[in-house]
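Sequence first, then the predicted structure, then my questions.
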Amino acid sequence: MTSSQTPKRRIILHLGAPKTGTTSLQYYLSENREVLESAGVVYPERMIQGGQVDPLHTHLVQMRTRRNPEVAFDGARARLAALFEASGAHSLLLSNESLLGEPYHEDKPGFFPHHEKWIGELARLFDGYEVQVIYFIRNFATFLPSYYVQYVRKGGTKTLREFCDHVTEDDLSWCPLIKGLQIAFGPDNVRIFEHAALREHPAQEVRDVFGRYAPELPDFCASSYNQNPSVGNNILAVYRLLNRIFAVLVPSARKRHLRPKMRQYLFGPLALISGNRRPRLEADLASKLREIYARDRKALGLENQR
């Protein structure tokens, strides 16, 4: 076979979305790295809580946060090549729910307001590779409250209703993001799954998602990997108040170092008190969000899957 006929190395992109079981899946994939490697798939870890983060993920973060993103871009390209060369693998499975930006930004209304930019950067980063995308979506009536907890954990002070209004109903749709991925990587290379299916029959869903790449992967048991407990409305109100006090009293230079400790020693215990309760939406808003998601499912051809 000539070099022009040599198959491209493959990138399998598990892009999230956030709050769709991504962290649990990352723990599962990390535990089964040897199984993946035996199938020719290298998995760069992203175990943030355990401090096991491959340099590739670090470069990807720096592409969004450093003043000179091209240095990070070059580092990511070099790390990709090094991972393939060191492992001899034909595929690399990259699981990172932040690669398209976040669904919420204080400075810009809308849903995933920066996704177009980051899809373009991913297409540029993986130029020359075959790219296959895995993306989980979730009913907005449960997605927004779940992501709202993360927003408060990071220092947010808006109420749940204010948070949802900032996202704006007119922009709330998975379709533009999915369409952007399909344009960048080809419609046949973008596979869409639902968080609800992962919750209802986790072993089968994970087999459908990842089994084609590593058939020997063991059954996924979601309860073994649940890492992100939810928090009820009352506890979130207390934490929002603490965030306001923190913002006023703590100098800016110290916030980056103290915020993780605040999450560990305040939010963690408060979450235990809350008993893993989900924040509750107003009934009219919850109904509207379910309607929007039903419209998305139809547009994406998912309405007959379950």
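Arrived safely, thanks for sending. Only a predicted model underlies this, so the values are computations on that prediction, with no experimental measurement involved.

who touches residue 130 in this structure?
7-11, 189 (C-beta atoms under 8 Å, 6 or more residues apart in numbering). For every residue, glycine as well, the C-beta is placed using N, CA and C.

State the phi and psi torsions of it.
Per-residue torsions, residue 130: phi -80, psi 130 (degrees, to the nearest 10).

Number of residues surrounding residue 81?
11 (other C-beta atoms under 10 Å).

Tell me if I am right that it is in a helix.
Yes - assessed by DSSP: H, G, I helix; E, B strand; the rest coil, residue 81 belongs to a helix.

And it, what's its pLDDT?
Listed pLDDT for residue 81 reads 96.

Can we start the residue count at 585 from this point?
All right, first residue 585 from here; so that's residue 665.

Name all residues that make contact with it.
By C-beta under 8 Å, 6+ apart, residue 665 has no neighbours at all.

do the same with the one 3 residues further on
If you count contacts by C-beta under 8 Å, 6+ apart, residue 668 has them with 593, 626, 676.

State the separation between the helix or strand of the chain with the lowest mean pLDDT and the centre of the chain it belongs to.
Least confident helix or strand of the chain, by mean pLDDT, DSSP states H and E, is helix 852-858 with a mean of 71. For helix 852-858, the gap between its own C-alpha mean and the chain's C-alpha mean amounts to 23 Å (C-alpha atoms, centre = their mean, to the nearest Å).

and it, what does it pack onto?
helix 817-833 (3 or more C-beta pairs under 8 Å, 6 or more residues apart in numbering; DSSP states H and E).

shouldn't residue 739 be in contact with residue 830?
Yes - Residue 739 is within contact range of residue 830, at 7.1 Å (criterion: C-beta atoms under 8 Å).

hey, what's in contact with both of those two?
In contact with both residue 739 and residue 830: 839, 843, using C-beta under 8 Å, 6+ apart.

buried stuff in the helix or strand that comes right after the least confident helix or strand of the chain?
Sequence order places helix 867-883 as the next helix or strand after helix 852-858, per DSSP states H and E. By neighbour count on 16 or more other C-beta atoms under 10 Å, the buried set for helix 867-883 is 869-870, 872-873, 876-877, 880-881.

Since that was my last question, I'll sign off now.
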